[in-house]
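In: got a structure for you, letters missing:
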């Protein structure tokens, strides 16, 4: 079967990098100056030869097999501004990266269309959204690390990896981070981390080697989707300490691959123990890596996406192996 030609956007650079491990050609919309959401094939990601820059003013003159939306403006505005009527009639997929924001259980998904496939990135997100008439499935994350990246945990402290934590506030756990940091040595990295005394952004390819030196990864997030940084840390063999909320409750086996709880004081005690006991951290990290390899391997992720794309474009007759909700 020939590779499909997929038009999409660079909404989350790390996710797009892993998505493009699927055996298809990806055309990523760009604007002059490459503002957020229109970065095209740009930035520090090690993009493959199957990733192509697609200026927005050229898109309507090209042929594609499928349109892959990743946020509301793309679906409600961009397709009408940048695509032709025949392109808008192509098979379409909408990737929902987040749980509902305005109300956790009663919020209808903005895409309510039986001709669009709505792909959630976690089972929790699919559960919480009111998906309406739209056929829905879950394709869980998949990651791969640079060759040779592995955990050593030599530093007596934890790492937090969150972009723009200061501006995103309580939902992402800015207050939890500040509280815990007063009792446990923590370092913050990510875009805008300097606003809270952190180190700033670490390039994606360098992040695994950088993170591997810390004893554990701490995830203070109350309510958002499952972060790729958590899965990448697990793949390294790094233990995770996190709030037992959203999908995290199914990812970390408490006391086996890390520690999860809704009591911050309990998590602080676990972090302090990990600092005192590197052997415990290594043992938890071994199980975290095993769990990540079983659930979040890039091979399974790529196969799921290949199946979904073949399903909507009608280029595979058999079921694509991911259950439609």
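Out: Sure thing, it's come through. The model shown is predicted, which means the values in this text are computed figures rather than measured ones.
In: show me where the stretch 201-325 of the chain has helices.
Out: Assigned helices in the stretch 201-325 of the chain, in chain order: 207-211, 228-236, 248-251, 264-276, 278-295, 298-313 (criterion: DSSP state H, counting those that start in this stretch).
In: JSON lines for the ones you listed, including mean neighbour count, mean pLDDT and distance to residue 120?
Out: C-betas here are computed from N, CA, C, even on glycine. Shown next, in JSON lines, are the helices of the stretch 201-325 of the chain (neighbours: other C-beta atoms under 10 Å; pLDDT from 0 to 100; distance: least, C-beta to C-beta, whole Å):
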{"stretch": "helix 207-211", "mean neighbour count": "19", "mean pLDDT": "94", "distance to residue 120": "25"}
{"stretch": "helix 228-236", "mean neighbour count": "24", "mean pLDDT": "97", "distance to residue 120": "15"}
{"stretch": "helix 248-251", "mean neighbour count": "18", "mean pLDDT": "96", "distance to residue 120": "14"}
{"stretch": "helix 264-276", "mean neighbour count": "17", "mean pLDDT": "98", "distance to residue 120": "27"}
{"stretch": "helix 278-295", "mean neighbour count": "18", "mean pLDDT": "97", "distance to residue 120": "15"}
{"stretch": "helix 298-313", "mean neighbour count": "20", "mean pLDDT": "97", "distance to residue 120": "12"}
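In: which of the ones you listed sits closest to residue 173?
Out: helix 264-276 (9.4 Å; C-beta to C-beta).
In: got the contact list for that closest one?
Out: 156-158, 176, 179-180, 183-185, 215-216, 218, 239, 241-243, 259-261, 280-281, 284 (C-beta atoms under 8 Å, 6 or more residues apart in numbering).
In: quick one, it and helix 278-295 angle?
Out: 110 degrees (axes from the mean of the first three to the mean of the last three C-alpha atoms, to 10 degrees).
In: how far out from the middle of the chain is helix 264-276?
Out: Offset of helix 264-276 from its chain centre (C-alpha atoms, centre = their mean, to the nearest Å): 26 Å.
In: report the central residue of the chain.
Out: residue 228 (4.3 Å; C-alpha atoms, centre = their mean).
In: return the distance of the nearest residue to that one once chain neighbours are set aside relative to residue 87.
Out: Computed as C-beta to C-beta, 6 or more residues apart in numbering, the closest residue to residue 228 that is not its neighbour in sequence is residue 14, at 5.0 Å. Distance of residue 14 to residue 87, given as C-beta to C-beta, to the nearest Å: 27 Å.
In: before we move on, what about residue 221?
Out: In terms of C-beta to C-beta, residue 221 sits 37 Å off from residue 87.
In: could you do residue 180 as well?
Out: With distances taken as C-beta to C-beta, residue 180 is found 49 Å from residue 87.
In: any weak-confidence spans in the chain?
Out: Residues of the chain meeting the criterion pLDDT under 70: 316-325.
In: correct me if wrong: the residue nearest to the centre of the chain contacts residue 15.
Out: Yes: counting by C-beta atoms under 8 Å, residue 228 does reach residue 15; the two are 6.6 Å apart.
In: tell me, what's touching the two both at once?
Out: In contact with both residue 228 and residue 15: residue 141, using C-beta under 8 Å, 6+ apart.
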